[in-house]
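Visitor: the sequence isn't on hand, but the structure is:
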């Protein structure tokens with residue numbers, strides 16, 4: 001325990017997007033839990049499920065969401081109902097390594113909460129209530145204003161804080177501004193993951209939000225090594241692809257880049273439907289395997305924020321590609337570390353991954369940001 005923390009460990013209940021069906025959400029939750037425990041808090045992760053994250057609803061979410069985008073055949077009348085059973089199998093396979101990790105590594109509340117009402121009626125008990133990281137305040141992603149992520153369930157007068165919360169958008173809708181302002185006025189300390197988020201909050205009268213780095217960047221290579229699972233590692237050097245959005249130009253770029261550097265491509269995929277010709281596909285690796293694949297990659301090509309964060313944090317050569325919407329957080333990270341040259345803006349540019357990275361500067365920036373973030377959290381917990 002640090003000298004700055006009280007003798008009695010405070011308890012903190014964190015609500016975040018811990019059960020979104022992707023590796024980044026799992027790992028940012030693990031990192032949040034780790035960071036808070038290191039500054040002397042006893043942390044629990046509120047096992048809250050948005051409506052579309054409730055297990056029995058995930059098949060419908062997949063049919064209407066990413067799978068529909070990646071496989072347009074699902075939009076044909078009648079095909080969706082025929083696809084329900086095979087898609088449910090894809091969803092179950094995708095969920096298994098993530099659920100295994102959550103159950104073994106996260107300090108989840110004993111109770112699962114499948115609605116805001118259930119949370120409000122019987123909230124977890126804690127000294128402090130915390131909105132955690134990820135796009136918890138993105139009304140597009142959350143399909144509206146989700147009160148759970150604004151700690152509506154915290155008892156009246158309880159301390160409320162936010163740690164690296166993200167809005168994920170460059171602007172706010174008029175309808176959500178008063179809702180956000182009224183909810184966030186109850187917080188004693190707010191930190192956000194992007195400078196833009198602090199500016200948006202300031203514009204609606206919520207002042208003093210502190211920009212901090214994503215929790216995954218608070219842990220260094222040695223910290224992540226404890227999760228390694230090398231059973232999925234290829235032999236020899238390889239290009240790692242972690243792609244979250246269907247993009248034909250992305251696929252073509254990977255093939256041209258692989259041909260140029262003469263290395264095989266290994267793709268982390270959430271289902272067999274993501275297989276690409278000429279690539280090796282690793283479908284739903286364990287979370288530790290995800291970490292190992294990033295640690296050992298010669299190159300990483302990704303359109304994921306957390307894919308970019310892990311590449312940078314683990315010292316990999318990488319290409320960051322725009323995911324389309326919500327791409328500002330990637331640019332924010334690259335700008336902070338001075339590595340915007342690794343953001344692809346021309347599909348013909350096959351040299352971007354070999355642009356030099358000033359690893360010493362990146363490490364220095366991250367260490368400074370870690371110190372600032374830790375100082376914010378110590379203050380938020382103890383004031």
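Guide: Structure received. The structure displayed is predicted, hence computed values, not measured ones.
Visitor: report how many residues lie close to residue 364.
Guide: 12 (other C-beta atoms under 10 Å). Where C-beta positions appear, they are placed from N, C-alpha and C, glycine not excepted.
Visitor: revised request: answer the last question for residue 193.
Guide: Neighbours of residue 193 (other C-beta under 10 Å): 30.
Visitor: what does residue 154 give?
Guide: Look at residue 154: counted by other C-beta under 10 Å, it has 23 neighbours.
Visitor: ok, now residue 250?
Guide: Neighbour count of residue 250, defined by other C-beta under 10 Å: 20.
Visitor: mind pulling up the pLDDT for it?
Guide: For residue 250, the pLDDT comes out at 96.
Visitor: quick one, strands of the stretch 101-250 of the chain?
Guide: Using DSSP state E, counting those that start in this stretch, the strands of the stretch 101-250 of the chain run over 108-113, 128-131, 159-165, 189-192, 210-211, 239-242.
Visitor: what's the offset of the third one from the middle of its chain?
Guide: Looking back up the chat, that one is strand 159-165. Chain-centre distance of strand 159-165: 16 Å, with C-alpha atoms, centre = their mean, to the nearest Å.
Visitor: now do that strand: everything it contacts.
Guide: Strand 159-165 has contacts (C-beta atoms under 8 Å, 6 or more residues apart in numbering) with 14, 32, 36, 127-133, 136-137, 149, 151, 154, 184, 186-193, 197, 209, 212-215, 373, 377, 380-381.
Visitor: now it: mean pLDDT?
Guide: On average, the pLDDT along strand 159-165 is 98.
Visitor: what do you get for the second one?
Guide: When the per-residue pLDDT values of strand 128-131 are averaged, the result is 98.
Visitor: circling back: could the strands of the stretch 101-250 of the chain go into a markdown table alongside mean neighbour count and distance to residue 278?
Guide: Formatted as a markdown table, the strands of the stretch 101-250 of the chain follow (neighbours: other C-beta atoms under 10 Å; distance: least, C-beta to C-beta, whole Å):
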| stretch | mean neighbour count | distance to residue 278 |
| --- | --- | --- |
| strand 108-113 | 15 | 40 |
| strand 128-131 | 25 | 43 |
| strand 159-165 | 26 | 38 |
| strand 189-192 | 22 | 41 |
| strand 210-211 | 19 | 41 |
| strand 239-242 | 26 | 11 |
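Visitor: flag the shaky bits of this protein, pLDDT-wise.
Guide: 1-7, 53-92, 325-327 (pLDDT under 70).
Visitor: what about the helices in it?
Guide: Ranges of helices in the chain, per DSSP state H, are 23-38, 58-64, 66-70, 79-105, 116-121, 176-184, 195-203, 221-225, 248-261, 287-296, 305-313, 328-337, 359-382.
Visitor: what residues of the last one count as buried?
Guide: In this case it means helix 359-382. 362-363, 365-366, 369-370, 373-374, 376-378, 380-381 (16 or more other C-beta atoms under 10 Å).
Visitor: coming back round to it: comparing the helices of the chain, which comes out most buried?
Guide: Across the helices of the chain, the average number of neighbours (mean count of other C-beta atoms under 10 Å) peaks for helix 305-313, which reaches a mean of 27.
Visitor: which residues are in contact with that one?
Guide: 23-24, 27-28, 214, 216-217, 219-221, 224, 242, 244, 291, 294, 297, 300, 302, 316-318, 320, 323, 329-330, 333-334, 337, 339, 357, 362, 366.
Visitor: between that helix and helix 359-382, how many degrees?
Guide: Calculated by axes from the mean of the first three to the mean of the last three C-alpha atoms, to 10 degrees, helix 305-313 forms an angle of 120 degrees with helix 359-382.
Visitor: sorry, back to before: got the strands of the stretch 101-250 of the chain as CSV, with distance to residue 174 columns?
Guide: Below are the strands of the stretch 101-250 of the chain laid out as CSV (distance: least, C-beta to C-beta, whole Å):
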stretch, distance to residue 174
strand 108-113, 30
strand 128-131, 22
strand 159-165, 21
strand 189-192, 21
strand 210-211, 24
strand 239-242, 36
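Visitor: between these, which gets nearest to residue 121?
Guide: strand 108-113 (9.5 Å; C-beta to C-beta).
Visitor: sheet partners, orientation included, of the closest one?
Guide: strand 42-48 (parallel) (DSSP bridges).
Visitor: buried residues in the strand it pairs with, which are they?
Guide: 43, 44, 45, 46, 47, 48.
Visitor: can you pull the contacts of the last one?
Guide: If you count contacts by C-beta under 8 Å, 6+ apart, residue 48 has them with 15, 112, 113, 119, 148.
Visitor: I figured the last one hits residue 119, correct?
Guide: Yes - with contact defined as C-beta atoms under 8 Å, residue 148 reaches residue 119; the gap is 5.6 Å.
Visitor: looking at the helices of the chain, which is closest to residue 141?
Guide: With C-beta to C-beta as the measure, helix 23-38 is the member of those nearest residue 141 (11.2 Å).
Visitor: what is that closest one packed up against?
Guide: Under the contact criterion of 3 or more C-beta pairs under 8 Å, 6 or more residues apart in numbering; DSSP states H and E, helix 23-38 touches strand 11-15, strand 42-48, helix 79-105, strand 159-165, helix 287-296, helix 305-313, helix 359-382.
Visitor: centre of the chain to the second one, how far?
Guide: On the basis of C-alpha atoms, centre = their mean, strand 42-48 is displaced by 17 Å from the centre of the chain it belongs to.
Visitor: quick one, that strand and strand 11-15 angle?
Guide: Going by the same axes, to 10 degrees, strand 42-48 makes 30 degrees with strand 11-15.
Visitor: what's the angle from strand 42-48 to helix 23-38?
Guide: Using the same axes, to 10 degrees: strand 42-48 against helix 23-38 is 150 degrees.
Visitor: over to the fourth one?
Guide: Strand 159-165 and helix 23-38 meet at an angle of 130 degrees, taking the same axes, to 10 degrees as the criterion.
Visitor: what angle sits between strand 159-165 and helix 195-203?
Guide: For strand 159-165 against helix 195-203, the angle by the same axes, to 10 degrees is 140 degrees.
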